[in-house]
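>>> sequence unknown, structure follows:
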């Protein structure tokens, strides 16, 4: 039986075992959404598997593994340089398979200043695999422009992973107050986010104003507040003021109470999927928050807001609209969900599964049934 290494974060994390909040935040790659595509790949690949960290001894992997599999995210970005990983991959003599690579671009400019180190990494992978899996046609176009042609559009591997058994559906009726909203933010330390109107900020305000539950994936201060690690205090007065502005809250006591009553944070994908049973729908700007809901049998609608989210929504028929043109309100959210034919997504998902399975076969990877 073949033995694969999977270069990834840990598929499951117990926050109680984290020595500090910063350690926990790093374990999930600063975004719990990473757990979805990580778990998907671990479940889809058969054979003996071991986790490989982002720093490794290439010769040791050459000696003991038959291949290295890398679940990827929006790594084609001017903001991230994969020089070190590229140098390590370039020393491997075993096959390397990159799954779910995406591009990070505010719009479809067609021109991303990809760092030389990231180019080295992708070129090294390309030379060691039959094909690279990407999330959409935009990423494929960018790679082709870099001279990399062995590219197949498969979407994200999380699209092909059911997080719990469910019956597919088409049209639904929902109650706004029974929804789970999600927005996109990392630290509140970036002051322009608090001061500048955006759909992301308005979702936080809408959730707070109506006491609607909010999914937390990467929001550093909310995660810190909910995990209660390092109680000495990440949240200084400046951060509290910025959070009050983001949420439109009158005082810290009320906002803190909202966090603990309504903010939902998950470090285990099974618990995440099960918790969705109590919601009529899920809505917002998070890609993996949307996929988790749809693949758990819960209606979901997404506002795409950059190349990464738009290309995957378009490729996989995820119910969505352009965040720039969507007029956010309880009524518009309810109408968006209720007017969607969700059957189109589930039909498209079956097509994607076949493409993805052929990609895995092309790379000579053993598969579990999915």
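Arrived safely. Owing to the predicted nature of the structure, the values given are computational and were not obtained by experimental measurement.
>>> which residue ranges form the helices in the stretch 51-200 of the chain?
Per DSSP state H, counting those that start in this stretch, the stretch 51-200 of the chain carries helices over the ranges 58-64, 83-89, 116-127, 137-145, 191-195, 199-209.
>>> could the ones you listed go into TSV alongside mean pLDDT?
Output for those, formatted as TSV (pLDDT from 0 to 100):
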stretch	mean pLDDT
helix 58-64	98
helix 83-89	98
helix 116-127	97
helix 137-145	94
helix 191-195	96
helix 199-209	99
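>>> nearest to residue 358, of these?
Checking the helices of the stretch 51-200 of the chain against residue 358 by Cβ to Cβ gives helix 137-145 as the closest, at 15.7 Å. Every C-beta, even on glycine, is put in place using the N, C-alpha and C of the backbone.
>>> ok now the closest one, how far from the chain's centre?
Here the centre of helix 137-145 is set off from its chain's centre by 20 Å, with Cα atoms, centre = their mean, to the nearest Å.
>>> follow-up on the earlier one: present the helices of the stretch 51-200 of the chain as JSON lines; the columns should include mean neighbour count and distance to residue 354.
Formatted as JSON lines, the helices of the stretch 51-200 of the chain follow (neighbours: other Cβ atoms under 10 Å; distance: least, Cβ to Cβ, whole Å):
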{"stretch": "helix 58-64", "mean neighbour count": "13", "distance to residue 354": "31"}
{"stretch": "helix 83-89", "mean neighbour count": "18", "distance to residue 354": "29"}
{"stretch": "helix 116-127", "mean neighbour count": "19", "distance to residue 354": "23"}
{"stretch": "helix 137-145", "mean neighbour count": "19", "distance to residue 354": "18"}
{"stretch": "helix 191-195", "mean neighbour count": "13", "distance to residue 354": "41"}
{"stretch": "helix 199-209", "mean neighbour count": "20", "distance to residue 354": "34"}
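>>> Where does the record place the domain boundaries for this structure?
3-161+350-362, 176-342 (automatic domain parsing).
>>> Turn these into TSV, including distance to residue 170.
Shown next, in TSV, are the domains of the chain (distance: least, Cβ to Cβ, whole Å):
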stretch	distance to residue 170
domain 3-161+350-362	15
domain 176-342	6
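>>> mind checking which of these is nearest residue 370?
Closest among the domains of the chain, once you apply Cβ to Cβ, is domain 3-161+350-362, at 5.5 Å.
>>> Show me how far that closest one is from its chain's centre.
13 Å.
>>> residues in contact with stretch 125-133?
70, 89, 92, 94-101, 122, 143, 148, 150-154, 157, 356, 359, 362-364 (Cβ atoms under 8 Å, 6 or more residues apart in numbering).
>>> Buried members of these into PyMOL, please.
Buried members of the contacts of stretch 125-133, defined by 16 or more other Cβ atoms under 10 Å, are picked up in PyMOL with:
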select buried, resi 70+89+92+94+95+96+97+98+99+100+101+122+143+148+151+152+153+154+157+356+359+363
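>>> State the distance from residue 39 to residue 163.
As judged by Cβ to Cβ, to the nearest Å, residue 39 and residue 163 stand 8 Å apart.
>>> Common neighbours of these two, please.
In contact with both residue 39 and residue 163: residue 269, using Cβ under 8 Å, 6+ apart.
>>> before we move on, the earlier item: which one, of the domains of the chain, ends up nearest to residue 168?
Comparing the domains of the chain under Cβ to Cβ, the one sitting nearest is domain 176-342, at 7.6 Å.
>>> any idea how far that closest one is from the chain center?
Distance, centroid of domain 176-342 to centroid of chain: 13 Å (Cα atoms, centre = their mean).
>>> so how far is the first residue of it from its last?
One end of domain 176-342 sits 18 Å from the other (Cα to Cα, to the nearest Å).
>>> Go through the contacts of stretch 125-133 and flag which are in strands.
Residues of the contacts of stretch 125-133 located in strands (DSSP state E): 70, 96-99, 151-153.
>>> Packing partners of the longest helix anywhere in the chain?
In the chain, with assignment by DSSP state H, the single longest helix is helix 343-362. In terms of contacts (3 or more Cβ pairs under 8 Å, 6 or more residues apart in numbering; DSSP states H and E), helix 343-362 is packed against strand 151-153, helix 307-316.
>>> nearest to residue 195, of these?
The nearest among the helices and strands packed on helix 343-362, by Cβ to Cβ, is helix 307-316 at 23.6 Å.
>>> Do me a favour and average the pLDDT over that closest one.
Helix 307-316 shows a mean pLDDT of 93 in the predicted model.
>>> what's next to it, contact-wise?
For helix 307-316, using Cβ under 8 Å, 6+ apart, the contacting residues are 74, 102-108, 135-139, 153, 155-156, 159, 285, 287, 302, 304, 318, 320, 322, 345, 348-349, 352.
>>> Which of these are buried? Put it as a ChimeraX command.
Only the buried entries of the contacts of helix 307-316 go into this ChimeraX selection, using 16+ other Cβ under 10 Å:
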select :74,102,103,104,105,135,136,138,139,153,155,156,159,285,287,302,304,318,320,345,348,349,352
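>>> Okay, now the unreliable bits of this protein?
106, 108-110, 231-232 (pLDDT under 70).
>>> what's near enough to touch the residue sitting furthest away from the middle of it?
Most distant from the centre of the chain: residue 63, at 32.4 Å, with distances by Cα atoms, centre = their mean. Contacts for residue 63 (Cβ under 8 Å, 6+ apart) come out as none.
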